[in-house]
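Visitor: Turn this into a model:
(chains A, B, C and D)
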Number of protein chains: 2
Amino acid sequence: MTKKQKKSAYLDPLHSIGYLSRINFRAFNKALEQLIAPHKVSQGQWRFLRVLWEENGLTQKDLSDRVGITEATTVNGVLGLEEAGLVTRRKSKVDARKMMVRLTPKARSLRNKLIPMVVKVNEQALKGIKKKDIVVARRVLTQTFNNLTSEDD
Amino acid sequence: MTKKQKKSAYLDPLHSIGYLSRINFRAFNKALEQLIAPHKVSQGQWRFLRVLWEENGLTQKDLSDRVGITEATTVNGVLGLEEAGLVTRRKSKVDARKMMVRLTPKARSLRNKLIPMVVKVNEQALKGIKKKDIVVARRVLTQTFNNLTSEDD
DNA sequence: TACATTTGCTTAGGTTGCAAAGTAAATTTA
DNA sequence: TAAATTTACTTTGCAACCTAAGCAAATGTA
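Guide: Now for the predicted structure:
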């Protein structure tokens, strides 16, 4: 293990927020996927459901914004949910460009089963970490995201 | 916007470390991609180069471990690097199962051009954040990763 | 030496993501 | 009202992941 450039260690790519975000993202995904797999819901689908549980009847644009992905990706995901019988897609009568995505009863009934699992993943991830530090970490991650996205230089 | 369950806000999926990791991972990727694109290097390739610059001549297994991906993914990535003339792949003479990956002079010469760009992305991301908080965030992310991966329940 | 296991690489197939370009409906502008 | 623009969705093609299953070389065991 070579260990040069000790000075700016907090910029070290191998321990950067970027690297840590990537491996954490995968770890969270995997943990969640394993928990919810018995319900035939993928982690990708879960992300849409989570948002729709908060507010049912969104356009694909709104869904995209809230999940944090592009509309192109949303199309695929929502089509999958439709196939699985978890959402319906219908053109808005008010604005024919809009595609309204609504939960089916089946999806609504999944809520109380799936939410606790997400909570569980979070609890496992955060075990032994001080709440104060978690708050700091969340603030830092929010800030880095904003720094990289809003102020496009 | 509904706002129930205020109590366990630090478990709120929409502001969880998992969610923040995901959007940060993409933001870092995108920022880096844009900077290094002129050099015909993708962010995926950059991850291998970064490790090889630290230690040249690794097996695909070692590369996978250090980059944090599976060997299956590494095969693809390294084949791409070979096509781009950035690495060579040769069977180890000591152990014929091993595929040694080595940088070409071309890749070695890229180092001094690319590293500063990564540093730049990090600097942009961390702008205005206290070093102390960054240290906390890195520790939290390392811990959540360990919590989710090592202690498989 | 023969058989079983481990290790490292590869292939095949699927998921989640993106950008770019295209379509159709709504809105703005002239 | 006609033309230009914007908005929302879609399609296409690609990148970067993964898991599962398989192969071949090395190693361990009897």
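Visitor: Give the burial count for A:T73, as a bare number.
Guide: As a burial measure, A:T73 scores 12 neighbours (other CB atoms under 10 Å in any protein chain shown). The C-beta positions use only the backbone N, C-alpha and C, and glycine is treated the same way.
Visitor: Leaving out sequence neighbours, find the closest residue to it.
Guide: A:S64 (7.5 Å; CB to CB, 6 or more residues apart in numbering or on different chains).
Visitor: Next up, the contacts around that neighbour.
Guide: Going by CB atoms under 8 Å, 6 or more residues apart in numbering or on different chains, A:S64 touches A:T70, A:E71, A:T73, A:T74.
Visitor: Among these, which lie within strands?
Guide: Using DSSP state E, no member of the contacts of A:S64 falls in strands.
Visitor: Any chance of a ChimeraX selection covering the buried ones in the residues you listed?
Guide: Applied in ChimeraX, the following selects the buried portion of the contacts of A:S64 according to 16 or more other CB atoms under 10 Å in any protein chain shown:
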select /A:74
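Visitor: Let's have the contacts of A:S64 in CSV, adding pLDDT and distance to B:S21.
Guide: Below are these laid out as CSV (pLDDT from 0 to 100; distance: CB to CB, whole Å):
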residue, pLDDT, distance to B:S21
A:T70, 95, 19
A:E71, 95, 22
A:T73, 95, 18
A:T74, 96, 20
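Visitor: Distance to DNA strand C for the contacts of A:S64 - can I get that in a markdown table?
Guide: Shown next, in a markdown table, are the contacts of A:S64 (distance: CB to the nearest atom of the strand, whole Å):
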| residue | distance to DNA strand C |
| --- | --- |
| A:T70 | 4 |
| A:E71 | 7 |
| A:T73 | 4 |
| A:T74 | 8 |
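Visitor: any idea how far A:R50 is from DNA strand C?
Guide: Using CB to the nearest atom of the strand, to the nearest Å, we find A:R50 at a distance of 12 Å from DNA strand C.
Visitor: pLDDT score assigned to that residue?
Guide: At A:R50, the predicted lDDT confidence score is 92.
Visitor: Ok, the one 4 residues further on next?
Guide: At A:E54 the predicted local distance difference test score is 90.
Visitor: re earlier: which of the contacts of A:S64 come close to DNA strand D?
Guide: A:E71 (CB under 7 Å from any atom of the strand).
Visitor: returning to that earlier point: can you report phi and psi for the residue nearest to A:T73?
Guide: phi -60, psi -50 (degrees, to the nearest 10).
Visitor: same thing with A:G128?
Guide: A:G128 has phi and psi values of phi 80, psi 10 when expressed as degrees, to the nearest 10.
Visitor: What distance do you get for the residue of chain A found nearest DNA strand C to DNA strand D?
Guide: At 2.5 Å from DNA strand C, A:G44 is the closest residue in chain A, using CB to the nearest atom of the strand. Here the criterion is CB to the nearest atom of the strand. By it, A:G44 lies 11 Å from DNA strand D.
Visitor: Would you confirm that A:S21 contacts B:Y19?
Guide: No - using CB atoms under 8 Å, A:S21 is not in contact with B:Y19; the gap is 10.8 Å.
Visitor: Okay, now the unreliable bits of chain A?
Guide: A:1-15, A:151-153 (pLDDT under 70).
Visitor: residues touching the residue positioned nearest the centre of it, list them.
Guide: Closest residue to the average C-alpha location of chain A: A:R47 at 5.1 Å, with CA atoms, centre = their mean. Residues in contact with A:R47 (CB under 8 Å, 6+ apart) are A:V67, A:G77.
Visitor: go with 6 Å
Guide: With contact set as CB atoms under 6 Å, 6 or more residues apart in numbering or on different chains, A:R47 has these partners: A:V67.
Visitor: Distance of it relative to A:K93?
Guide: 27 Å (CB to CB, to the nearest Å).
Visitor: Could you pick out the longest helix of chain A?
Guide: For chain A, the longest helix by residue count, based on DSSP state H, is helix A:105-126.
Visitor: Can you list the neighbours in contact with the helix or strand just after that one?
Guide: Tracing the chain C-terminally past helix A:105-126 and defining elements by DSSP states H and E, one meets helix A:131-149 next. Residues outside helix A:131-149 that contact it (CB under 6 Å, 6+ apart): A:17, B:10, B:20, B:23-24, B:27, B:31, B:124-125, B:127, B:129, B:133, B:136-137, B:140.
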